[in-house]
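Participant: fold the following for me, if possible:
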Amino acid sequence: MAFDSTKPNTAQTIGDVITSTRSNLADLDSRDVAHEADVTAAHGLAAILTQQADTVTHKANSTTAHGINTIAASAAAAQAEVTTARGSLTTLDTRLSVGMQANGVIKLSSIASKWLDNGDVPTYLTTTTFSVPSDRTKVYIAGTILRCTVSASYVYAAVASCSFGSGITTVVLDPLYPVLTSGLSKVEIALIAWDNSVSNAVTANSASITNLQAQITALSAPNKNNFIVNGACEVATRAAPNITTAALYGQVDRFAAWADATVSAGTIAQDAASTIGIKQNALQLAGVTRTGAGSVYVRHRVEAAAARALKNRTASVSLRVLHDVGSSVNYTITVNKATVADNFTSVTLIQASGSLAAASATETLLVLNGIAMGDCANGVEVIISAACGAVTTKNFRFTDFKIEEGALATAFVAGGYNEELLACRYFYREYGGGNVFEVVAAGFTPTTTTAGCVLTYPRMRIAPTITVSAAANFAVLANAGAVTAATALAASAVTRDGASLDVTVASGLTVGAGTVLKANNTTSARLYLSAEL
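Facilitator: This next block holds a predicted model:
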C-alpha cells in the first residue's frame, strides 16, 4: 500500500512513506525547474523581467494616450483653448456671463444691434438691385434691413422683394433708397434685439412713448379733416393766366402761384391727365422759363372761420410734386398765420421745413409733420416753393394738398367733385361762357338807356368783388325781343348773396319794361365774382 500523505495519522509502513516521499520530491523538483524557466506565467522570472522592460518603455512613451508626455501636451492644449476663449477677461466664467444667464439661457443683450455676415457674395445690378448665388429667398425677406458695404462705406436699405431663378436670387430694395453702386462688396443682415438697455431707454423716454401713442391715435382716425379746399386739384373754373412775379389765382381753384423776378414765360394751369394724384389732376406751372437763381411758388390760404379748429393744435402738411427740370430740385413748405382775420397783408411764420429734395421725373411726397400751430385763428397760409434756378420751358406739378390736425400726415383722401365745387364757389364763381346767348340776370328798364338787373347767388365768404369781361360782351332785351348791346355794365349793392347789375345802352329801351341780361352772341361774356383770401 502506497503512502497517502493526506492520511498522516493512518497506520502505514515505512516503505510506503519512503516510496511516496521520493516520488513527491521528484515531482516537486520537476515543477521548480519548469517554474524557473516559465516566461509565459505572470510569476515567471522572464515575465517579470519583460514587465520591467515594458515599464521603462511606458515611462518614456509619448505616442500612446496614457503616456506622460501626451497627457501633459493635452493639458497644455486645453489650457491654451480656455485662455483663448476667455480673451482679455480673467476667467472663462466671466466671459460666458457676458452672453449667458446663470441657467444657460442666452442674454438678448449679447446679440443686440449686430449685423450678420452670412457669407453671401453680392453682385451689383442697379442702384436698387443686387444678386447672390443659390436660392436665398428665405433670407432676404421683404422688410429686412440691410447694411451694404459700397466702396468702403456703409449704406443702409430695406428689402422690397426677392426672387429666385437660373441659380441666383435677385434682391430688390425699397425704391426710396437707391443706394447701390458698382462698388458693392458685402451685404449684412440686421439682428435687432430688445434687451434691458432698450427697456431702460423706454422708461427714460416715457414722454416719447406718450407722443408715439398720440401719433398712433392720429393715424387710426379715418378721413381726418383736410383744411385745404380742392386739394386734389379737380375743380378748375378759370382760364390759365400767365405766371408773373405777382401772386395770381390760376386755373385750379383756390391756389395762387408766382415766380421770382426773372421769370419770362409759363402759365398757371391744370394738368387734367396728371400722372400723379389720387384724381389724376394737378396744378401745373407749365412751360416755365426763368433765369438766374430763384424759385417758383404755389400758395393756399385757409380762412379764419376754418383755421380756428387748428388753434393751439398740432398739424401736418403734405402734398405730391413732380417736375422735369432734369436734376434734383429742393422744395420748401412754409406755414404762416395772418395777423388780422382773413387779411394776409401781414403774416407771422409758424414753421418752415428744411430743403425737401425731389428728383427729376420722380413723383415725390413732401411732408412737414408736427407743426405747433399756436394761435392761428386769424387764418393760415401754406406756401410751397421750388428752388428751380434757371430753367427753360419746364413743368412743375403739385397735387394731393393736405393740412390736417395731427402729429403725422396721413394718406390723402379726396372729396367728391360736387362737394369740392361748392366749396370752391364759396370763394369764387363765374357767370357766362356756357352759351353764346346765356342769360345771367333779370330786371327792368327805368329809362330808355338803362336797365337794372338782379343777380342772386349762393352765399359767398364775403360780399364778392364783381368784375366784367367787357360790357360789349353783354346785351339786354328791348321791345319785341330786340337785343341791345351794353355800353357799360357795373355791379352795385353787392352782398354775400346777391348784387344789382346796372346796364347802360345807347338807346331803344322802353321805360318800365321787363328785360334780361344775356351774353351778346359770345361765350366770352363773363361776370367774375371773387371772395378769395
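Participant: pLDDT on the one helix or strand Ser74 maps to, on average?
Facilitator: Ser74 is part of helix 68-86, with elements assigned from DSSP states H and E. Averaged across helix 68-86, pLDDT comes to 74.
Participant: which strands or helices does that helix pack on?
Facilitator: helix 92-99 (3 or more CB pairs under 8 Å, 6 or more residues apart in numbering; DSSP states H and E). In short, each C-beta sits where N, CA and C put it, glycine included.
Participant: after the helix it packs on comes which helix or strand?
Facilitator: strand 114-116.
Participant: for that next one, packing partners?
Facilitator: Checked by 3+ CB pairs under 8 Å, 6+ apart, strand 114-116 has strand 184-191 packed alongside it.
Participant: ok, the strand it packs on: who's next to it in the sheet?
Facilitator: strand 114-116 (antiparallel), strand 145-150 (antiparallel) (DSSP bridges).
Participant: now distance to Val505 too, for those strands, in a markdown table please.
Facilitator: Below are the strands paired with strand 184-191 laid out as a markdown table (distance: least, CB to CB, whole Å):
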| stretch | distance to Val505 |
| --- | --- |
| strand 114-116 | 85 |
| strand 145-150 | 77 |
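Participant: what is the least confident helix or strand in this protein?
Facilitator: One helix or strand of the chain scores below all others by mean pLDDT, DSSP states H and E: helix 196-204, with a mean of 48.
Participant: residues contacting Asn369?
Facilitator: 316, 407-409 (CB atoms under 8 Å, 6 or more residues apart in numbering).
Participant: dump those into JSON lines; add pLDDT as well.
Facilitator: Below are the contacts of Asn369 laid out as JSON lines (pLDDT from 0 to 100):
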{"residue": "Ser316", "pLDDT": "96"}
{"residue": "Ala407", "pLDDT": "92"}
{"residue": "Leu408", "pLDDT": "91"}
{"residue": "Ala409", "pLDDT": "92"}
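Participant: show me the strands in the stretch 101-250 of the chain, by range?
Facilitator: Along the stretch 101-250 of the chain, counting by DSSP state E, counting those that start in this stretch, strands occupy 114-116, 123-126, 129-133, 145-150, 153-165, 168-173, 184-191, 248-249.
Participant: average pLDDT across the first one?
Facilitator: pLDDT averaged over strand 114-116 equals 82, rounded to a whole number.
Participant: which residues does that strand contact?
Facilitator: 147, 188-191.
Participant: what would the residues you listed look like in TSV with pLDDT, neighbour count and distance to Ile168?
Facilitator: Listed next are the contacts of strand 114-116 as TSV, based on pLDDT from 0 to 100; neighbours: other CB atoms under 10 Å; distance: CB to CB, whole Å:
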residue	pLDDT	neighbour count	distance to Ile168
Arg147	92	16	21
Glu188	93	17	19
Ile189	91	18	18
Ala190	86	14	23
Leu191	76	12	25
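Participant: now Thr262: how far from Thr289?
Facilitator: Relative to Thr289, Thr262 is positioned 9 Å away (CB to CB, to the nearest Å).
Participant: for stretch 523-533, C-alpha coordinates in CSV please.
Facilitator: Taking C-alpha atoms only, stretch 523-533 is exported to CSV below (Å, rounded to 0.1, in the frame of the first residue of the first chain):
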residue,chain,number,x,y,z
THR,A,523,-69.0,132.8,-74.9
SER,A,524,-66.5,135.4,-73.9
ALA,A,525,-69.2,137.1,-71.8
ARG,A,526,-68.1,136.7,-68.1
LEU,A,527,-69.0,138.0,-64.7
TYR,A,528,-66.3,137.2,-62.2
LEU,A,529,-67.2,137.1,-58.5
SER,A,530,-64.3,136.8,-56.2
ALA,A,531,-64.3,136.4,-52.4
GLU,A,532,-60.8,135.0,-52.4
LEU,A,533,-58.4,135.5,-49.5
